[in-house]
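[1] Requesting a structural model of the entry that follows:
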Amino acid sequence: MNANIEMLNYIYKNAQMGQNSINHLLEIIENDSKFRNLLENQFKEYKNIFDTAEEALSKLGYEAKGTSAIQKFETYMMIDIKTLNNKTPDHVAEMLIQGSTMGIIQITRRLKDYKGSIDKNVQSLAEKLLATEQHNVEECRKFLGKAFEAANV
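    Here you go, the predicted model:
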């Protein structure tokens, strides 16, 4: 398979997973307008990356392959289990930081593995995904700790 298609499909799946996870979290988190706003902004960024990857794949004559129904179900179940007893911004931010950190590791590896074999537009989109994951970690860090929770009460 073409390196550009492989990288674009990885970006597509990653952004789809981000959208799915955030969309599910928005249904179950505690009502906190600042945290909800953060999640909505992250969702929009993943959607933008997702749409860009899908369009690029289409231009290459390739149909994007997203996450399977089983993967989606597993993700939702994991979120439900991890938030069963704790839906606070502190706890959900921690979960998101862990997910984005895994994303940072994976996209960094892919960027190194595909260095020199993908075109600059695909490279740029992959770097945008990396920057998004890094930004998400920084933004979620603001919601960690009891001090934040006490300030928002």
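
[2] Could you find the closest non-adjacent residue to the residue minimising distance to the centre of the chain?
    The chain has Gly18 as the residue nearest its centroid, 3.0 Å off, counting by C-alpha atoms, centre = their mean. Nearest non-adjacent residue to Gly18, counting by C-beta to C-beta, 6 or more residues apart in numbering: Tyr46, 3.7 Å away. (C-beta placed from N, C-alpha, C; glycine too.)

[3] Going along the chain, name the helices of this structure.
    Ranges of helices in the chain, per DSSP state H, are 3-28, 33-59, 69-82, 89-113, 120-141, 146-151.

[4] Out of these, which is the most enclosed?
    Comparing these by mean neighbour count (mean count of other C-beta atoms under 10 Å), helix 3-28 ranks first with a mean of 20.

[5] so what secondary structure elements neighbour that one?
    helix 33-59, helix 69-82, helix 89-113, helix 120-141 (3 or more C-beta pairs under 8 Å, 6 or more residues apart in numbering; DSSP states H and E).

[6] could I have the second one exported to CSV, CA atoms only?
    In other words, helix 69-82. The C-alpha coordinates for helix 69-82 follow below in CSV (Å, rounded to 0.1, in the frame of the first residue of the first chain):
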residue,chain,number,x,y,z
ALA,A,69,-18.2,-1.2,15.2
ILE,A,70,-16.4,-3.5,17.6
GLN,A,71,-13.6,-0.9,18.2
LYS,A,72,-16.2,1.8,18.8
PHE,A,73,-18.2,-0.5,21.2
GLU,A,74,-15.0,-1.3,23.1
THR,A,75,-14.1,2.4,23.4
TYR,A,76,-17.5,3.3,24.7
MET,A,77,-17.5,0.4,27.2
MET,A,78,-14.1,1.5,28.5
ILE,A,79,-15.2,5.1,28.9
ASP,A,80,-18.4,3.9,30.7
ILE,A,81,-16.4,1.7,33.0
LYS,A,82,-13.8,4.4,33.8
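
[7] re the thing from before, select from the helices and strands packed on helix 3-28 the stretch with the lowest mean pLDDT.
    If the helices and strands packed on helix 3-28 are sorted by mean pLDDT, helix 69-82 sits at the bottom with a mean of 85.
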